[in-house]
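Visitor: the following comprises the amino acid sequence and a computationally predicted model.
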Amino acid sequence: MKAYISMIKGMIFFLGSLFCLTMIANLAHSQSIGSGLFPIGQDTFKQIANEGHYVVRTYKGEVLTAASNGKGQLGLGDTINRNYLVDTGLADIFDIAVGKDHTLFLTDQGEVYFAGRNKVTAQPATGGNPVDHFISGTWNFVDDEMVYPTQVFEGFYPLDDIRSIHAGDYKSFAVYANGRVYGWGYAHYGEFGRGTHDYEIFPRVMPIPETVKAVASDAYHTLFLTVGGEVYAAGRKAYGVLGNGDGILNNQIDYASVSAPVKIPGLNNVTAITTMNLASFALLDDGTVSAWGKIPAAQCSEYPSGLFKGVQRTPVNLSQCLASINGNTNLMDIVQIDGGDDHIIALNDAGEVFTMGNGLYGQLGRNGAQHVPLPVHFNGMLIDNVSAGGDTSLAEACDNLWMFGKETWSSETLPDDPFDDPRDTGPKATSYAGFGTPYLFHEGEEICIRQVIRPPWEILK
């Protein structure tokens, strides 16, 4: 009996401690986030693929959000959609990242905060009945949604001293100051590279054998960029997206997963990475772009036609190939590149923008598919930053922000500038609209936008 009573007391103590920690985590949104101590400048620009809601970080460290908010991913304290940019009240934010229904905020002190979907119900990779997975990395094991930015913990200690963040479909990543990379959330295809196909409730170190500086991921695979300019990959290997020569087996697409990180052979001097649906891209230090997987330029792939059209299982220098085959040099001298579901957008060192891939919704700045990069024009203005998300593209020049492609507002409900007045409570859209040419949807005088992010649209299969 005494042993039974002791066990009951222990359970009460544990549950009480868990409740207190949950309450502390939920109260974190009321604290001052960031205090200007981060040693790195705030001009860092990072883009995450896909559509659903907008997050904008001004170069002053302010954060503005808009659009879908069904899971609280805008961090505004509610689940009400916005058809205009709203100031979150956050300050001294160094970086932002957007995943499937969630947003990450990195403070200038290196702390990470989470807002949005907290729970995913899915079948375990080993089979069986669907179970609940809490993906926020916080001590909140109660709420389905987290409507306020809440601090991420590494077990009992806050995750801190972080230098960069990334968010994918129901999963998140953070790169520590010493180059270790943490991952947490749902990873059905082994995208964490930990040898498992399930999920991590709190951030855990990924076993990448070299120092990491950046991460990119989609619903099925993850890329890890090292400080030495090399790339590792983990996840599903279909269509060759891991870049190691796999992806086709017995004349069929190989959908098996690789849950341990593999080093992509022959890929060096990489400065940035991004993913597209079923494809991967690397920006090299000479300004050219390498690609692998089901790439948008089939003429440069292993299979220019046929059943596996566009499949390239090892990296190919897309810039050099296009220049050689088509005489197209638009992917030269590139400084930024980002991938949506089925298209890419690139910015060169002269401020010119080029797109290629699927343009069904006008996300290329024109209608239809395009298998070579073509320019997009912005009334003669040179561009500072670009972003691709889902079937949408974004471009920014100081405080002017353009959008083209699929939008969550219909043309009937889209006023001249839906984001001009934060007090606007006009009608919400009921359908998607496609804009084949860049639409200037934000023009301000007091802010200068330096970063724009869209979250992943691709859902887990």
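Guide: Arrived safely, thanks for sending. Residues are numbered from 1 along each chain as shown.
Visitor: tell me the contacts of the spatially closest residue to S301 that is not a sequence neighbour?
Guide: Spatial nearest neighbour of S301, chain neighbours left out: Q312 (4.1 Å); criterion: C-beta to C-beta, 6 or more residues apart in numbering. From N, CA and C alone the C-beta is placed, and that goes for glycine too. By C-beta atoms under 8 Å, 6 or more residues apart in numbering, the residues touching Q312 are 240, 291-295, 300-303.
Visitor: how near is Q312 to M356?
Guide: 15 Å (C-beta to C-beta, to the nearest Å).
Visitor: tell me the helix or strand right after the lowest-mean-pLDDT helix or strand in the chain.
Guide: Within the chain, no helix or strand scores below helix 2-27, which has a mean of 43 by mean pLDDT, DSSP states H and E. Later in the chain than helix 2-27, the nearest helix or strand by DSSP states H and E is strand 53-58.
Visitor: ok, that next one: who's next to it in the sheet?
Guide: Sheet pairing here is set by DSSP bridges, and for strand 53-58 it gives strand 63-67 (antiparallel), strand 449-453 (antiparallel).
Visitor: pull the distance from it to the chain's centre.
Guide: Relative to its chain's centre, strand 53-58 lies at 12 Å (C-alpha atoms, centre = their mean, to the nearest Å).
Visitor: CA-only coordinates of that strand in CSV, if you can.
Guide: The C-alpha coordinates for strand 53-58 follow below in CSV (Å, rounded to 0.1, in the frame of the first residue of the first chain):
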residue,chain,number,x,y,z
HIS,A,53,0.1,33.0,-44.9
TYR,A,54,2.6,35.8,-45.2
VAL,A,55,5.3,36.8,-42.8
VAL,A,56,7.3,40.0,-43.4
ARG,A,57,10.3,41.1,-41.3
THR,A,58,11.3,44.7,-41.7
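Visitor: what helix or strand does the residue lying closest to G99 once chain neighbours are set aside sit in?
Guide: Excluding its sequence neighbours, the residue lying closest to G99 (C-beta to C-beta, 6+ apart) is A167, at 3.1 Å. In this structure, A167 sits in strand 162-168 according to DSSP H and E.
Visitor: who's in contact with whatever helix or strand comes next after that strand?
Guide: Per DSSP H and E, the first helix or strand lying C-terminal to strand 162-168 is strand 171-176. Strand 171-176 is contacted by residues 97, 99, 102, 104, 106, 112, 114, 135, 137, 152, 159, 161-167, 181-187, 191-192, 199, 203, 206, 212-215, 217, 222 when judged by C-beta under 8 Å, 6+ apart.
Visitor: G128: neighbour count?
Guide: 8 (other C-beta atoms under 10 Å).
Visitor: look up how far F141 lies from it.
Guide: On the measure of C-beta to C-beta, G128 and F141 end up 20 Å apart.
Visitor: what's the answer for M381, then?
Guide: Taking C-beta to C-beta, one finds M381 at 48 Å from F141.
Visitor: do C300 as well
Guide: From C300 to F141 the distance is 48 Å (C-beta to C-beta).
Visitor: between these two, point out the one with more neighbours.
Guide: The neighbour count for C300 versus F141, taken as other C-beta under 10 Å, is higher for C300 (23 against 16).
Visitor: burial count for the residue nearest to that one when sequence neighbours are not counted?
Guide: Distances taken as C-beta to C-beta, 6+ apart put C321 closest to C300, at 3.8 Å, once the chain neighbours are dropped. Neighbour count for C321, taken as other C-beta under 10 Å: 22.
Visitor: CA-only coordinates of whatever helix or strand C321 lives in, as CSV, when you get a sec.
Guide: Applying DSSP H and E as the criterion places C321 in helix 318-325. Extracted C-alpha coordinates of helix 318-325, given in CSV (Å, rounded to 0.1, in the frame of the first residue of the first chain):
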residue,chain,number,x,y,z
LEU,A,318,21.8,24.0,-64.7
SER,A,319,23.3,27.4,-65.5
GLN,A,320,26.1,26.0,-67.7
CYS,A,321,23.8,23.4,-69.3
LEU,A,322,21.2,26.0,-70.3
ALA,A,323,23.9,28.3,-71.7
SER,A,324,25.3,25.4,-73.7
ILE,A,325,22.1,23.9,-75.1
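Visitor: give the other helices and strands that it contacts.
Guide: Judged by 3 or more C-beta pairs under 8 Å, 6 or more residues apart in numbering; DSSP states H and E, helix 318-325 is in contact with strand 289-294.
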